[in-house]
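Visitor: I would like to see how this sequence folds:
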Amino acid sequence: MTTRITGTGNMIDYANAGSAISAGAAVVIGNRIGVAINDIAATTGTGPVQMKGEALVAKATGIAWAIGDLIYYDESAATCSPVPGAGTKFAGTCSRTAVSGDTTGYVNLGVGERQGLDLNHVATTPTTLTRADVGKVYTNLGASGTIVFNLPQTAYAGDYYDFVAMAAQAIEVDPGAAGAFYVGGAKQTDDKKISFDDEAESVRVIADGNGDWIVINYTGTITVEG
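Guide: Numbers count the residues shown, from 1 in each chain. Here you go, the predicted model:
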(Lines give C-alpha, C1' and ligand atoms only; values in the text may rest on other atoms or scores of the structure.)
Protein backbone atom coordinates (compact mmCIF):
# COMPACT_ATOMS: atom_id res chain seq x y z
CA MET A 1 0.00 0.00 0.00
CA THR A 2 1.39 3.39 -1.02
CA THR A 3 1.21 6.24 1.47
CA ARG A 4 1.17 9.74 0.06
CA ILE A 5 1.68 12.65 2.43
CA THR A 6 1.51 15.87 0.43
CA GLY A 7 1.99 18.37 3.26
CA THR A 8 1.36 19.25 6.89
CA GLY A 9 -1.75 21.32 6.21
CA ASN A 10 -0.07 24.41 7.66
CA MET A 11 0.16 26.13 4.28
CA ILE A 12 -1.58 26.04 0.92
CA ASP A 13 -0.80 27.49 -2.51
CA TYR A 14 -3.49 30.10 -3.10
CA ALA A 15 -4.51 31.11 -6.63
CA ASN A 16 -5.55 34.74 -6.43
CA ALA A 17 -8.48 35.74 -8.65
CA GLY A 18 -8.90 39.22 -7.16
CA SER A 19 -6.87 42.26 -6.16
CA ALA A 20 -3.19 42.10 -5.20
CA ILE A 21 -2.55 40.70 -1.72
CA SER A 22 0.27 41.98 0.49
CA ALA A 23 2.43 39.74 2.65
CA GLY A 24 0.85 39.48 6.11
CA ALA A 25 -2.68 40.26 4.90
CA ALA A 26 -5.62 38.03 5.78
CA VAL A 27 -6.95 35.88 2.95
CA VAL A 28 -10.55 34.63 3.08
CA ILE A 29 -10.75 31.00 1.98
CA GLY A 30 -14.20 29.48 2.28
CA ASN A 31 -15.50 30.01 5.79
CA ARG A 32 -12.17 30.81 7.44
CA ILE A 33 -9.00 32.81 6.84
CA GLY A 34 -5.31 32.32 6.28
CA VAL A 35 -2.43 34.80 6.16
CA ALA A 36 -0.37 35.53 3.03
CA ILE A 37 3.29 34.69 3.54
CA ASN A 38 4.48 36.64 0.49
CA ASP A 39 2.98 39.27 -1.80
CA ILE A 40 0.53 37.66 -4.26
CA ALA A 41 -0.08 39.39 -7.57
CA ALA A 42 -3.58 40.34 -8.69
CA THR A 43 -5.83 38.12 -10.82
CA THR A 44 -3.38 35.39 -11.84
CA GLY A 45 -0.88 35.35 -8.96
CA THR A 46 -0.28 32.26 -6.84
CA GLY A 47 1.40 32.29 -3.46
CA PRO A 48 1.69 30.52 -0.09
CA VAL A 49 -0.97 31.17 2.56
CA GLN A 50 -0.53 30.08 6.18
CA MET A 51 -3.60 28.18 7.44
CA LYS A 52 -2.35 26.86 10.80
CA GLY A 53 -0.01 28.02 13.53
CA GLU A 54 0.40 31.41 15.18
CA ALA A 55 0.03 34.46 12.96
CA LEU A 56 0.11 38.22 13.53
CA VAL A 57 -3.09 39.82 12.20
CA ALA A 58 -4.61 43.28 11.96
CA LYS A 59 -6.65 43.95 15.12
CA ALA A 60 -9.71 46.17 15.58
CA THR A 61 -9.09 48.74 18.30
CA GLY A 62 -11.51 49.35 21.16
CA ILE A 63 -11.56 45.88 22.67
CA ALA A 64 -8.93 43.85 24.50
CA TRP A 65 -8.07 40.24 23.66
CA ALA A 66 -7.53 37.52 26.24
CA ILE A 67 -5.72 34.26 25.57
CA GLY A 68 -8.28 31.71 24.42
CA ASP A 69 -10.76 34.22 22.97
CA LEU A 70 -12.30 33.08 19.68
CA ILE A 71 -11.27 35.59 17.02
CA TYR A 72 -13.22 36.54 13.89
CA TYR A 73 -12.21 38.42 10.75
CA ASP A 74 -14.34 41.29 9.43
CA GLU A 75 -13.66 41.40 5.70
CA SER A 76 -15.15 44.88 5.21
CA ALA A 77 -12.87 46.39 7.88
CA ALA A 78 -9.95 44.01 7.20
CA THR A 79 -9.45 43.57 10.95
CA CYS A 80 -9.98 40.86 13.56
CA SER A 81 -11.86 40.96 16.87
CA PRO A 82 -13.56 38.63 19.39
CA VAL A 83 -16.96 39.84 18.18
CA PRO A 84 -18.68 37.67 15.54
CA GLY A 85 -21.28 39.18 13.27
CA ALA A 86 -22.94 38.97 9.88
CA GLY A 87 -20.28 38.34 7.27
CA THR A 88 -17.40 37.65 9.66
CA LYS A 89 -15.17 34.62 9.15
CA PHE A 90 -13.65 32.46 11.85
CA ALA A 91 -9.93 33.21 12.28
CA GLY A 92 -8.77 31.18 15.28
CA THR A 93 -7.97 31.59 18.96
CA CYS A 94 -6.08 34.45 20.62
CA SER A 95 -2.61 33.22 21.60
CA ARG A 96 -1.24 36.36 23.32
CA THR A 97 -3.04 39.07 25.26
CA ALA A 98 -3.66 42.39 23.51
CA VAL A 99 -4.85 45.67 24.98
CA SER A 100 -7.67 47.78 23.61
CA GLY A 101 -5.48 50.17 21.65
CA ASP A 102 -3.32 47.54 19.92
CA THR A 103 -3.61 47.46 16.14
CA THR A 104 -2.24 43.91 15.78
CA GLY A 105 -2.83 40.66 17.63
CA TYR A 106 -1.66 37.06 17.64
CA VAL A 107 -4.00 34.25 16.57
CA ASN A 108 -3.60 30.49 16.42
CA LEU A 109 -5.21 30.05 13.03
CA GLY A 110 -8.09 27.57 12.80
CA VAL A 111 -7.94 26.56 16.48
CA GLY A 112 -11.25 26.42 18.38
CA GLU A 113 -13.62 26.60 15.42
CA ARG A 114 -15.79 23.73 16.70
CA GLN A 115 -16.64 25.51 19.94
CA GLY A 116 -19.69 27.22 18.51
CA LEU A 117 -21.95 27.52 15.47
CA ASP A 118 -21.62 30.36 12.99
CA LEU A 119 -24.77 32.46 13.55
CA ASN A 120 -25.66 34.73 10.65
CA HIS A 121 -28.29 37.43 11.01
CA VAL A 122 -29.53 38.23 7.51
CA ALA A 123 -32.00 41.03 6.87
CA THR A 124 -31.72 41.34 3.09
CA THR A 125 -33.37 39.34 0.35
CA PRO A 126 -32.68 37.19 -1.51
CA THR A 127 -29.57 35.43 -0.18
CA THR A 128 -27.89 32.76 -2.27
CA LEU A 129 -25.99 30.19 -0.20
CA THR A 130 -22.83 28.38 -1.26
CA ARG A 131 -20.83 25.40 0.00
CA ALA A 132 -18.78 27.85 2.08
CA ASP A 133 -21.96 28.42 4.12
CA VAL A 134 -22.48 24.75 5.07
CA GLY A 135 -23.21 24.31 8.77
CA LYS A 136 -24.19 27.92 9.40
CA VAL A 137 -27.34 29.07 11.19
CA TYR A 138 -29.30 31.73 9.29
CA THR A 139 -31.91 33.99 10.88
CA ASN A 140 -34.12 36.90 9.83
CA LEU A 141 -33.34 39.07 12.86
CA GLY A 142 -34.29 42.66 12.03
CA ALA A 143 -36.23 41.74 8.90
CA SER A 144 -39.30 43.80 8.00
CA GLY A 145 -40.50 41.45 5.28
CA THR A 146 -40.00 38.04 3.72
CA ILE A 147 -36.43 36.72 3.49
CA VAL A 148 -35.64 34.21 0.73
CA PHE A 149 -32.70 31.82 1.01
CA ASN A 150 -31.68 30.13 -2.24
CA LEU A 151 -29.98 26.78 -1.73
CA PRO A 152 -26.96 25.91 -3.93
CA GLN A 153 -27.65 23.90 -7.05
CA THR A 154 -24.53 21.80 -6.50
CA ALA A 155 -24.26 20.25 -3.04
CA TYR A 156 -22.62 17.15 -1.62
CA ALA A 157 -24.59 14.53 0.30
CA GLY A 158 -24.70 15.62 3.93
CA ASP A 159 -24.28 19.36 3.35
CA TYR A 160 -26.72 21.11 5.67
CA TYR A 161 -28.07 24.56 6.56
CA ASP A 162 -30.12 25.71 9.56
CA PHE A 163 -32.75 28.46 9.50
CA VAL A 164 -34.38 30.10 12.53
CA ALA A 165 -37.08 32.80 12.63
CA MET A 166 -36.05 35.59 15.02
CA ALA A 167 -38.59 38.06 13.61
CA ALA A 168 -42.29 37.47 12.94
CA GLN A 169 -41.69 37.55 9.19
CA ALA A 170 -41.61 34.75 6.66
CA ILE A 171 -38.45 32.82 5.91
CA GLU A 172 -38.62 31.04 2.55
CA VAL A 173 -36.10 28.37 1.52
CA ASP A 174 -35.86 27.74 -2.22
CA PRO A 175 -34.42 24.39 -3.48
CA GLY A 176 -33.95 25.69 -7.02
CA ALA A 177 -35.35 24.54 -10.35
CA ALA A 178 -33.85 21.04 -10.17
CA GLY A 179 -34.36 20.41 -6.46
CA ALA A 180 -37.22 19.27 -4.24
CA PHE A 181 -37.81 18.89 -0.51
CA TYR A 182 -38.64 15.67 1.30
CA VAL A 183 -41.16 16.91 3.88
CA GLY A 184 -44.76 16.35 4.95
CA GLY A 185 -44.67 12.62 4.23
CA ALA A 186 -43.64 12.96 0.59
CA LYS A 187 -41.15 14.24 -1.90
CA GLN A 188 -42.49 17.61 -3.03
CA THR A 189 -42.45 19.10 -6.52
CA ASP A 190 -39.18 20.56 -7.84
CA ASP A 191 -38.65 24.29 -7.29
CA LYS A 192 -41.31 24.57 -4.57
CA LYS A 193 -40.18 26.60 -1.55
CA ILE A 194 -40.83 25.82 2.10
CA SER A 195 -41.62 28.63 4.53
CA PHE A 196 -42.39 29.49 8.16
CA ASP A 197 -43.03 32.81 9.87
CA ASP A 198 -43.31 32.59 13.67
CA GLU A 199 -40.50 33.52 16.03
CA ALA A 200 -38.49 30.49 17.22
CA GLU A 201 -39.67 28.29 14.37
CA SER A 202 -36.72 26.55 12.77
CA VAL A 203 -35.69 23.98 10.19
CA ARG A 204 -32.61 22.10 9.01
CA VAL A 205 -32.24 20.98 5.39
CA ILE A 206 -29.73 18.30 4.32
CA ALA A 207 -28.59 17.61 0.76
CA ASP A 208 -29.08 14.06 -0.51
CA GLY A 209 -26.34 14.45 -3.12
CA ASN A 210 -28.78 14.15 -6.03
CA GLY A 211 -30.08 17.71 -6.04
CA ASP A 212 -32.86 17.22 -3.50
CA TRP A 213 -33.11 18.15 0.20
CA ILE A 214 -34.31 16.34 3.33
CA VAL A 215 -36.14 18.49 5.87
CA ILE A 216 -35.48 17.48 9.50
CA ASN A 217 -35.48 18.94 13.01
CA TYR A 218 -38.21 21.42 12.23
CA THR A 219 -40.29 23.16 14.86
CA GLY A 220 -43.57 24.93 14.27
CA THR A 221 -45.51 24.78 11.01
CA ILE A 222 -43.73 24.33 7.71
CA THR A 223 -45.68 25.38 4.60
CA VAL A 224 -44.90 24.03 1.14
CA GLU A 225 -45.43 26.41 -1.77
CA GLY A 226 -48.60 25.57 -3.69
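
Visitor: domain-wise, how is this protein divided?
Guide: 11-115, 119-224 (automatic domain parsing).

Visitor: and the ones you listed as CSV, adding mean neighbour count and mean pLDDT?
Guide: Bear in mind the C-beta positions are built from the backbone N, C-alpha and C, glycine included. Compiled in CSV, the domains of the chain are given as follows (neighbours: other C-beta atoms under 10 Å; pLDDT from 0 to 100):
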stretch, mean neighbour count, mean pLDDT
domain 11-115, 17, 90
domain 119-224, 17, 90
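
Visitor: hmm, A20 is touching T44, no?
Guide: No - here A20 does not reach T44: they are 10.9 Å apart, not a contact under C-beta atoms under 8 Å.

Visitor: where along this protein do the helices fall?
Guide: Under the criterion DSSP state H, the chain carries no helices.

Visitor: how about S76, what does it touch?
Guide: G87 (C-beta atoms under 8 Å, 6 or more residues apart in numbering).

Visitor: now it: how far from G145?
Guide: 24 Å (C-beta to C-beta, to the nearest Å).

Visitor: just list whatever residues bridge to the nearest residue in space to G112 that is not next to it in sequence.
Guide: In this structure, G112 finds its nearest non-sequential neighbour in T93, 4.1 Å apart by C-beta to C-beta, 6 or more residues apart in numbering. Residues in a beta bridge with T93, per DSSP bridges, are L70, N108.

Visitor: T93 contacts L70, correct?
Guide: Yes - if you go by C-beta under 8 Å, T93 and L70 touch, sitting 6.1 Å apart.

Visitor: please enumerate the shared neighbours of the two.
Guide: G112.

Visitor: can you pull the contacts of the closest residue to V122 other than its chain neighbours?
Guide: Excluding the flanking residues, the one nearest V122 by C-beta to C-beta, 6+ apart is Y138, at 5.6 Å. Contact analysis of Y138 by C-beta under 8 Å, 6+ apart lists 120, 122, 127, 129, 149, 161-164.

Visitor: again, 10 Å this time
Guide: Residues near Y138 by C-beta atoms under 10 Å, 6 or more residues apart in numbering: 86, 118-122, 127, 129, 147, 149, 161-164, 166, 171, 173.

Visitor: same question, V148
Guide: 124-128, 170-174, 193, 195.

Visitor: could you redo the last one with a cut-off of 8 Å?
Guide: 125-127, 172-174, 193.

Visitor: then A180?
Guide: A180 makes contact with 187-192, 212-213, according to C-beta under 8 Å, 6+ apart.

Visitor: next, format those residues as a markdown table and append distance to R204.
Guide: Formatted as a markdown table, those follow (distance: C-beta to C-beta, whole Å):
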| residue | distance to R204 |
| --- | --- |
| K187 | 17 |
| Q188 | 16 |
| T189 | 21 |
| D190 | 20 |
| D191 | 20 |
| K192 | 18 |
| D212 | 15 |
| W213 | 10 |
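
Visitor: out of the residues you listed, who's nearest A25?
Guide: Lowest distance from A25 to those (C-beta to C-beta) belongs to W213, with 37.0 Å.

Visitor: circling back: any idea how far the residue nearest to V122 lies from R204?
Guide: 11 Å.

Visitor: again, but for P126
Guide: 20 Å.

Visitor: can you give me the first-to-last residue distance of stretch 183-194?
Guide: End-to-end distance of stretch 183-194 (C-alpha to C-alpha, to the nearest Å): 9 Å.
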